[in-house]
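Trainee: whatever this is, show me its structure:
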Amino acid sequence: MTEKTKDNFYSTRDIELAATLLTLKFPMTNIDYQIEGDKLVGYFGFEENEDLYKTIKKYREDDIVVEPKSNFSNLKYLKSETNNSRRNPHGKF
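Mentor: This next block holds a predicted model:
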């Protein structure tokens with residue numbers, strides 16, 4: 001997974017991590033898109049803070065619990081936003 005920080009923002013292409021962060025009420029600041037081969041990939045941005053990094057660490061250690069229906073709903077939302085960007089590159093994010 002590619003993660004990067006820029007100007008106090010954390011960005012990840014890990015859609016499952018992004019869905020988990022949304023489920024835990026971390027506000028998403030943006031979605032950037034890149035074409036990699038023939039695939040459109042979303043990079044999901046969040047504002048950096050200490051709680052965010054603690055949560056990411058717990059996620060990577062499989063030590064986090066989220067409400068399954070909300071998490072699945074957020075995962076579907078992120079997939080939809082990524083796929084819709086082909087048709088509307090100037091959408092919400």
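Trainee: count the residues that sit near residue 52.
Mentor: 15 (other C-beta atoms under 10 Å). All C-beta atoms are positioned from the backbone trio N, CA, C, and that covers glycine.
Trainee: oh, I was asking about residue 35
Mentor: Counted with other C-beta under 10 Å, the neighbours of residue 35 add up to 9.
Trainee: neighbouring strands - and their directions - for the helix or strand hosting it?
Mentor: Assigned by DSSP states H and E, residue 35 belongs to strand 28-36. The pairing partners recorded for strand 28-36 under DSSP bridges are strand 39-47 (antiparallel).
Trainee: give the buried residues for the partner strand.
Mentor: Buried residues in strand 39-47, defined by neighbour count with 16 or more other C-beta atoms under 10 Å: 42, 43, 44, 45, 46.
Trainee: any idea which of those is closest to residue 21?
Mentor: Minimum distance to residue 21 across those is 5.9 Å, recorded for residue 46 (C-beta to C-beta).
Trainee: let me see the contact set for residue 58.
Mentor: residue 64 (C-beta atoms under 8 Å, 6 or more residues apart in numbering).
Trainee: also compute the angle for the strand or helix carrying it relative to strand 39-47, please.
Mentor: Assigned by DSSP H and E, residue 58 belongs to helix 50-60. In terms of direction (axes from the mean of the first three to the mean of the last three C-alpha atoms, to 10 degrees), helix 50-60 departs from strand 39-47 by 140 degrees.
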